[in-house]
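J.: Here's my sequence, what's the structure:
(4 chains)
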2 protein chains.
Amino acid sequence: MEQVGLSRRERVREATLSEIKAIARRHLVEHGPSGVSLRAIAREMGMTAPGLYRYVSGIDALLVAITVEMFDELGAAVAAADASVPDEDTDRRIRTSLRAFRTWAVGHRSEFATMFGPRPHVDPNADTAPAIEAARRFAATFYTLFDRLLAERRFALPDSSHLTPELARELRSFAENCGFSAPHIPVEAVMVLSSCWVRLYGVVCMEVFDQMSVVMDDMEPLFESELHTVLTGLGVRYEPPESTAPTAVSAPD
Amino acid sequence: MEQVGLSRRERVREATLSEIKAIARRHLVEHGPSGVSLRAIAREMGMTAPGLYRYVSGIDALLVAITVEMFDELGAAVAAADASVPDEDTDRRIRTSLRAFRTWAVGHRSEFATMFGPRPHVDPNADTAPAIEAARRFAATFYTLFDRLLAERRFALPDSSHLTPELARELRSFAENCGFSAPHIPVEAVMVLSSCWVRLYGVVCMEVFDQMSVVMDDMEPLFESELHTVLTGLGVRYEPPESTAPTAVSAPD
DNA sequence: CGGCGTTTGCTAACGGTGTTCACTAAAGCG
DNA sequence: CGCTTTAGTGAACACCGTTAGCAAACGCCG
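T.: Take a look at the predicted model:
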């Protein structure tokens, strides 16, 4: 990327750090979250564990670091999908983006779990700020799309009858802290956004976390069904996914 | 419970096994999932780690065992809540049961995470069948309530226009394998059930897994909001929770 | 080119983990 | 009482994260 003004030393340093993160990432997908160990990484790199401490302050920090990368990667995947459709076709852009989210998730289960799954008892000294920032960046992708829908007045804002003061307060806090909504966005809209996100997050978690696996072997139809009702409620036209083999994680060639 | 015809030996055996599980459970809530270790448990019991292998085939099996207990406990909590309201007041029973689910979840985050969170790379030799069975038993609680709604024709079945063959197939599989629906339940109903469950599962996961924590500090209003729309769609009257301090986890003892 | 500080990586060590094996001591039973 | 089954131990192996001290390489600057 941008290692222009870096001294030779800094360049090789950056390179080994990248290698560390890459191997960590691979171990994550191959052996699960608990399968990421400094010693194993060092072994694979032909060095010893303490040496890694020159690059990473500990295993927790390493996990945070790769979490950042994964959020960026997910964001890039979604953005790429979004960019692959004509700019003015908002409806298709949204469908495509959301499907890209699910596709990435089911194709990267371990990653998704560490990004969106339970945070193990996090000790206060751990600096998770970068990961949170990365998550925020990722979310922004969807905010802009949603903003567009809002601007186009695609859906009617729900009447604020069942919108308790407490909920309104939380939604306002949400809108303020999450970075988007520079113009004062109505809380009702934030609520619609939350509700939609809850549903899609819910299906995807169910699928990735392998709930239901005993009882249902392909979750894509259920995702599509949720997507359908969510989009409809948002005033976005639903269309089934374009061919490309029903679900089967496109194992081409 | 039912240790009637057990020899003295079997009784004390059962007792130590219970102690093991109890300590494991406590370590789980106090130090997180990775904080459960056979050596620590043994130490606390005044014995050595290998001794535990007389009772448990390994740490994975122990985790499965306590997962079973946790599902039973969650099921009991929900059932107790359900039983605490007059039998004929279906609406309130449903509200109470679902709120009991969330309350238990937020009050037992580590447990919820191991029950409903991502399953770490599960090696095939692990026998998770008991946990799955326990989960099934738990789910049954809600099936019966839903069955009642269905019998009372509380809500209109969605038209099967956007019900693709694939979705229908999966829903049928769901209905067959999950044990309820002895009478042939319409797939449309199963779909409504799935959709509702997805939403509530979604909010609760978001809350327990601490997504949003940066952006929103009390998730109860959002849960209530989802509950509202879910119930309304189900033909069940929504009522706000009965006072009892907004969220505050009813610190047990 | 030589010197010298900085950076890198090593070894050794401590304390922790799961798990296996061989063994003793106790408990139960005929 | 004697024999069998069982509970529990100790030692060992192979891992893990992390710290401290040290030696070698690197790169800069005179």
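J.: Need the pLDDT of the residue in the stretch 51-200 of chain A that DNA strand D sits nearest to.
T.: Using C-beta to the nearest atom of the strand, A:Gly58 is the residue of the stretch 51-200 of chain A that sits closest to DNA strand D, at 3.3 Å. C-betas here are computed from N, CA, C, even on glycine. pLDDT for A:Gly58: 97.
J.: For it, give me phi and psi.
T.: Note on A:Gly58: backbone dihedrals following degrees, to the nearest 10 are phi 150, psi 170.
J.: same thing with A:Met219?
T.: phi -90, psi 0.
J.: My guess is it contacts A:Asp210. True?
T.: No. Distance between A:Met219 and A:Asp210: 9.6 Å, which falls outside the contact criterion (C-beta atoms under 8 Å).
J.: Please report how far A:Ser225 lies from chain B.
T.: Shown here: A:Ser225 relative to chain B, a distance of 6 Å by C-beta to the nearest C-beta, to the nearest Å.
J.: what's the answer for A:Ser84, then?
T.: When A:Ser84 is compared with chain B (using C-beta to the nearest C-beta), they lie 24 Å apart.
J.: quick one: contacts for that residue?
T.: Shown in contact with A:Ser84 (C-beta atoms under 8 Å, 6 or more residues apart in numbering or on different chains): A:Thr96.
J.: Which residue would be the closest one in the stretch 51-200 of chain A to DNA strand C?
T.: A:Gly51 (3.2 Å).
J.: hmm, back to that, how many neighbouring residues does the residue of the stretch 51-200 of chain A closest to DNA strand D have?
T.: Each residue near A:Gly58 was counted by other C-beta atoms under 10 Å in any protein chain shown, and the total is 13.
J.: I'd like to know how many residues surround A:His162.
T.: When neighbours are counted by other C-beta under 10 Å, A:His162 registers 15.
J.: what's the closest non-adjacent residue to it?
T.: Leaving aside its sequence neighbours, A:His162 sits nearest to B:His228 (C-beta to C-beta, 6 or more residues apart in numbering or on different chains; 5.3 Å).
J.: Provide the count of other residues in contact range of the one you found.
T.: Other residues within reach of B:His228 by the criterion other C-beta under 10 Å amount to 18.
J.: measure it to A:Phe146 for me?
T.: Plainly put, B:His228 is 22 Å away from A:Phe146 if you go by C-beta to C-beta, to the nearest Å.
J.: measure the residue nearest to A:His162 to B:Pro221 for me?
T.: The separation that B:His228 has from B:Pro221, given C-beta to C-beta, amounts to 10 Å.
J.: With A:His27 instead?
T.: To B:Pro221, A:His27 is 40 Å away according to C-beta to C-beta.
J.: same check, this time on A:Ala151
T.: In this structure, A:Ala151 and B:Pro221 are 27 Å apart, going by C-beta to C-beta.
J.: who has more neighbours, the two?
T.: In this view A:Ala151 and B:Pro221 are compared by other C-beta under 10 Å, and B:Pro221 has more residues nearby, 21 against 9.
J.: ok, back up a step: pretty sure the residue nearest to A:His162 contacts B:Tyr238?
T.: Yes. Under the criterion of C-beta under 8 Å, B:His228 lies in contact with B:Tyr238, with a separation of 4.7 Å.
J.: which residues do the two both contact?
T.: Applying C-beta under 8 Å, 6+ apart, one finds that B:His228 and B:Tyr238 are jointly contacted by A:His162.
J.: Just give the nearest non-adjacent residue to A:Val68, would you?
T.: A:Ala134 (4.4 Å).
J.: helix or strand for that neighbour, which one?
T.: helix A:129-151 (DSSP states H and E).
J.: can you check A:Leu227 too?
T.: With the criterion set as DSSP H and E, the secondary-structure element containing A:Leu227 is helix A:220-233.
J.: to the chain's geometric centre, what's the distance from that helix?
T.: Here helix A:220-233 is found 19 Å from its chain centre; the criterion is C-alpha atoms, centre = their mean, to the nearest Å.
J.: what angle separates it from helix A:129-151?
T.: 50 degrees (axes from the mean of the first three to the mean of the last three C-alpha atoms, to 10 degrees).
J.: what sits up against helix A:220-233?
T.: Counting contacts by C-beta under 8 Å, 6+ apart, the residues outside helix A:220-233 that touch it are A:91, A:94-95, A:98-99, A:102, A:155, A:192, A:196, A:199-200, A:202-204, A:207, A:216, A:237-238, A:240-241, A:246-247, B:162-164, B:166-167, B:169-170, B:191, B:194-195, B:198.
J.: 6 Å instead?
T.: Contacts of helix A:220-233 from elsewhere in the structure, counted by C-beta atoms under 6 Å, 6 or more residues apart in numbering or on different chains, are A:102, A:196, A:199, A:203, A:238, A:247, B:162, B:166-167, B:170.
J.: and what of stretch A:104-119?
T.: Defining contact as C-beta under 6 Å, 6+ apart, one finds that stretch A:104-119 is touched by A:28-29, A:33, A:67, A:70, A:74, A:77, A:204, A:208, A:249, B:113, B:117-118, B:209-210.
J.: What's the mean pLDDT across it?
T.: Stretch A:104-119 comes out at a mean pLDDT of 97.
J.: what about it, start to end distance?
T.: According to C-alpha to C-alpha, to the nearest Å, stretch A:104-119 extends 20 Å from its N-terminal end residue to its C-terminal end residue.
J.: excluding its backbone neighbours, what's nearest A:Leu150?
T.: For A:Leu150, the spatially nearest residue (C-beta to C-beta, 6+ apart) is A:Ala189, at 5.5 Å.
J.: Look at the one you found and say how many residues are nearby.
T.: 19.
J.: helix or strand for it, which one?
T.: If you go by DSSP H and E, A:Ala189 is part of helix A:187-208.
J.: A:Arg154 too?
T.: Counting by DSSP H and E, no helix or strand carries A:Arg154.
J.: wait, isn't it in contact with A:Arg237?
T.: No. With contacts counted by C-beta atoms under 6 Å, A:Arg154 stays clear of A:Arg237, the gap being 9.9 Å.
J.: more neighbours, these two?
T.: For A:Arg154 against A:Arg237, the residue with the higher neighbour count under other C-beta under 10 Å is A:Arg154, and the figures read 18 against 14.
J.: could you measure that one against B:His31, distance?
T.: 48 Å.
J.: Could you do A:Glu242 as well?
T.: Here the distance between A:Glu242 and B:His31 works out to 48 Å (C-beta to C-beta).
J.: burial of the residue in the stretch 151-253 of chain A positioned nearest to DNA strand C, as a residue count?
T.: With distances taken as C-beta to the nearest atom of the strand, the stretch 151-253 of chain A approaches DNA strand C most closely at A:Asp210, which sits 21.0 Å away. The burial count assigned to A:Asp210 is 15, neighbours taken as other C-beta under 10 Å.
J.: Return the residues in contact with A:His121.
T.: The neighbours of A:His121, taking C-beta under 6 Å, 6+ apart as the test, are B:Gly32.
J.: mind listing what's buried in the helix or strand A:Pro50 falls within?
T.: A:Pro50 belongs to helix A:49-52 when elements are defined using DSSP H and E. Neighbour-count burial for helix A:49-52, with 16 or more other C-beta atoms under 10 Å in any protein chain shown as criterion, is recorded at A:Leu52.
J.: helices or strands up against that helix?
T.: helix A:38-45 (3 or more C-beta pairs under 6 Å, 6 or more residues apart in numbering or on different chains; DSSP states H and E).
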